[in-house]
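J.: Take this sequence and fold it.
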Amino acid sequence: MGEPRVVPERGMVEESEVIDLISDSWIPSRSGHPGFVGSRLLSISVVILIADWLLLTLGFVSVSLVRFGAQWTEIWNDVAPSWEVVVPLYLTIGTAIGWLMGFYKVRPSWRQDLIRTGSAVGVLAITALALLFMFDRDQVSRLFLLAYFLAIWLGMTFARGAARAWFRRRRAAGKGIVNVLVLGSGAVAQGFIAEATAHAEAGLNIVGFLDSPGRTLPGQPRLGTVADLAVVLEHVVVDEMVVCLPIDDWTRIGRIASIAEMQGKSIRIPMHVPGTTHSQTRLDHLAGVPVLSVISTPDQPLANGCKRLLDVVVAGTALLLLAPMLALIGVTIALGDGQPVVFSQPRVGLHGRTFILRKFRTMVPNAEARFAEVAHLNERQGPVFKVERDPRITRFGRLLRATSLDELPQLWNVLRGEMSLVGPRPPLQSEVERYDPWHRRRLSMKPGITGLWQVSNRNEASFDNWVAQDLEYIDSWSVTQDLRILARTIPAVMRLTGK
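T.: Numbering: from 1, shown residues only. A predicted model of the protein is given here:
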């Protein structure tokens with residue numbers, strides 16, 4: 001899909017440009033537009049805001065200790081009896097105002113960071129002096145104030161420099177890359193390509209374009225015509241599509257949007273799209289042109305960040321707490337059935353990306369080679385295979401499946417970011433190849449260890465009904481819903497209905 005884009009050298013960036021952590025791209029500082037990728041890095045802005053608040057608080061305590069010694073709390077009690085409430089409130093309001101004033105944009109150089117954070121600290125200092133004067137608190141040490149604001153100025157500058165370095169390493173390592181398919185090759189498409197190429201920090205990887213034979217787009221491969229869209233999406237990893245068709249082709253956008261929604265792809269198009277029933281729409285900007293984004297997947301940066309945090313915390317804690325059980329299961333499998341202990345299998349994840357799923361082995365070692373023996377026993381309707389009394393399952397493996405303990409190694413897949421705790425189950429590539437077009441939308445969300453269908457009707461025979469529940473989960477997703485599903489998973493597992 002192309003090599004990760006390299007971040008431009010500092011000298012290539014105009015003085016009037018910034019790295020906007022809200023838009024995740026280089027934009028002119030005079031622009032009020034969030035950019036093509038919207039708020040993909042909103043969570044990082046929030047992290048920096050929290051870091052600022054912690055720095056301000058830590059700086060207050062540290063400078064107080066240095067200036068006044070172990071009795072610093074007593075001194076502050078004499079100066080301002082309610083300082084434990086007033087100081088945190090002041091710092092919270094200060095950071096909130098900084099957010100509104102745009103202080104949470106990371107500059108492309110240390111010098112610009114110093115200027116920007118200096119402005120922010122200057123506002124805080126002036127406000128503090130005004131409040132002290134207003135409430136007649138002249139006894140506050142001026143040396144303390146000087147040391148405090150100097151410390152937080154340097155600390156905030158370092159925090160932004162660290163964020164900028166992380167930002168660049170992430171892009172250089174191919175992290176946070178969005179694979180984009182362009183529809184069209186005219187002036188709008190060329191303008192978008194130029195912007196994406198010039199502003200590589202946005203992480204936009206153009207996988208190619210679709211247009212009539214003979215049409216070209218500099219530096220990009222033609223993957224077919226617009227009529228080939230559905231087929232291309234089945235064979236190319238695409239996260240989003242940009243529709244850059246001339247107005248004469250707008251009659252085809254309804255069909256394009258239908259295919260995109262069916263397969264769970266987000267598209268950017270400069271018009272209203274009727275006929276979509278599940279997608280969310282919002283106004284974005286593409287190369288300075290207002291466009292309507294049709295979002296077919298959960299696109300809530302803060303909520304998505306909370307989901308990932310939940311995954312990491314729960315999976316990491318579970319792996320630590322369950323380590324003795326994992327070891328015991330592994331030893332039991334090894335002694336009873338031999339090696340390997342863990343079964344590894346390629347599965348299809350988010351938007352068609354493949355990864356290696358791990359689970360405890362519950363079948364005989366040559367189970368996959370013996371598939372032909374049991375293919376006729378399939379108890380599911382559709383492109384999925386499941387047999388309750390599969391003769392290839394070992395005695396201990398049957399217990400592991402009934403209790404779902406065989407799924408525990410997938411917590412490692414969750415930590416790696418390949419899976420989530422909650423989401424559609426990851427299919428085999430052979431199953432995906434047999435999907436109907438509307439089935440593919442279940443690939444638009446990261447696969448999970450548990451999901452809505454597992455706690456609602458775990459042994460549903462119809463694959464279509466199974467997918468319908470997955471799509472219901474995707475369309476109504478929230479962190480609260482994930483917590484509810486996780487809570488319902490425990491009694492579902494205790495009923496020993498796993499197969």
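J.: in the stretch 251-400 of the chain, which spans are strands?
T.: 266-269, 280-286, 289-295, 342-348, 354-360 (DSSP state E, counting those that start in this stretch).
J.: for the ones you listed, which one sits closest to Q71?
T.: Set against Q71 and scored by CB to CB, the strands of the stretch 251-400 of the chain come closest in strand 280-286, at 54.6 Å. Glycine gets a C-beta too; all of them are placed from N, C-alpha and C.
J.: Now do the closest one, average pLDDT.
T.: The pLDDT scores in strand 280-286 average 69.
J.: next one: stretch 235-254
T.: For stretch 235-254, the per-residue pLDDT averages 84.
J.: What's the end-to-end length of it?
T.: End-to-end distance for stretch 235-254, by CA to CA, to the nearest Å: 22 Å.
J.: Just the buried positions in that stretch, please.
T.: V236, V238, D239, E240, M241, V242, V243, C244, L245, D249, I253 (16 or more other CB atoms under 10 Å).
J.: ok, the second one - contacts?
T.: Each residue near V238 by CB atoms under 8 Å, 6 or more residues apart in numbering is listed here: N179, V180, L181, V207, V232, K265, H351.
J.: Surely A51 is within a helix?
T.: Yes. Assessed with DSSP: H, G, I helix; E, B strand; the rest coil, A51 lies in a helix.
J.: So it sits against F158, correct?
T.: No. With contacts counted by CB atoms under 8 Å, A51 stays clear of F158, the gap being 9.9 Å.
J.: neighbour-wise, which of these two wins?
T.: A51 (18 against 15; other CB atoms under 10 Å).
J.: gap between that one and M363?
T.: From A51 across to M363, the span is 49 Å (CB to CB, to the nearest Å).
J.: on that earlier part again, farthest-separated two in the buried residues of stretch 235-254?
T.: D239 and D249 (22.8 Å).
J.: ok, now how distant is the closest residue to R441 other than its chain neighbours from M241?
T.: In space, and not counting its chain neighbours, R441 is closest to G264: 3.9 Å by CB to CB, 6 or more residues apart in numbering. Separation of G264 from M241 (CB to CB) stands at 12 Å.
J.: wouldn't the residue nearest to R441 be in contact with H439 here?
T.: No. Using CB under 8 Å, G264 is not in contact with H439; the gap is 10.2 Å.
J.: now the helices: where do they sit in the stretch 51-200 of the chain?
T.: Assigned by DSSP state H, counting those that start in this stretch, the stretch 51-200 of the chain shows helices spanning 72-79, 83-100, 110-134, 142-172, 187-198.
J.: Which elements pack onto the longest one?
T.: For helix 142-172, the elements it packs on are helix 42-68, helix 110-134, judged by 3 or more CB pairs under 8 Å, 6 or more residues apart in numbering; DSSP states H and E.
J.: switch to 10 Å and redo it
T.: Under the contact definition 3 or more CB pairs under 10 Å, 6 or more residues apart in numbering; DSSP states H and E, helix 142-172 sits against strand 17-20, helix 42-68, helix 110-134.
J.: for it, what is the average pLDDT?
T.: For helix 142-172, the per-residue pLDDT averages 74.
J.: in it, what counts as buried?
T.: Within helix 142-172, the residues that count as buried by 16+ other CB under 10 Å are 144-145, 147-149, 151-153, 155-157, 159-161, 163-164, 167-168, 170-171.
J.: ditto for the second one
T.: Of the residues in helix 83-100, W83, V87, Y90, L91, G94, T95, G98 count as buried by neighbour count, 16+ other CB under 10 Å.
J.: any idea of the angle it forms with helix 142-172?
T.: Helix 83-100 runs at 40 degrees relative to helix 142-172, counting by axes from the mean of the first three to the mean of the last three CA atoms, to 10 degrees.
J.: Pull the number of nearby residues for L309.
T.: Neighbours around L309, by other CB under 10 Å: 12.
J.: Okay, it and D482: tell me how far apart.
T.: 11 Å.
J.: now R353
T.: Taking CB to CB, one finds R353 at 21 Å from D482.
J.: Likewise for K307?
T.: 6 Å.
J.: what residues are shared contacts of these two?
T.: S420, L421, V422, G423 (CB atoms under 10 Å, 6 or more residues apart in numbering).
J.: Would you check that the first one makes contact with G448?
T.: Yes. Taking contacts as CB atoms under 10 Å, S420 lies within contact range of G448: 4.7 Å.
J.: which residues do the two both contact?
T.: D311, N413, V414, D482.
J.: which stretches of the stretch 351-499 of the chain form helices?
T.: With DSSP H, counting those that start in this stretch as the criterion, the stretch 351-499 of the chain has helices spanning 371-374, 395-403, 410-415, 429-432, 452-456, 463-475, 479-494.
J.: the domain parsing of the chain - what is it?
T.: According to automatic domain parsing, the chain comprises the domains 41-172, 178-295, 301-494.
J.: Tell me how many other residues surround Q429.
T.: Q429: 11 surrounding residues under other CB under 10 Å.
J.: Leaving out sequence neighbours, find the closest residue to it.
T.: That would be V348: by CB to CB, 6+ apart, it lies 5.6 Å from Q429.
J.: How about Q345?
T.: Closest to Q345 by CB to CB, 6+ apart is L357, at 5.4 Å.
J.: Is D464 in contact with H439, as I believe?
T.: Yes. Counting by CB under 10 Å, D464 does reach H439; the two are 8.1 Å apart.
J.: Show me whatever sits in contact with both of the two.
T.: With CB under 10 Å, 6+ apart, D464 and H439 have common neighbours G382.
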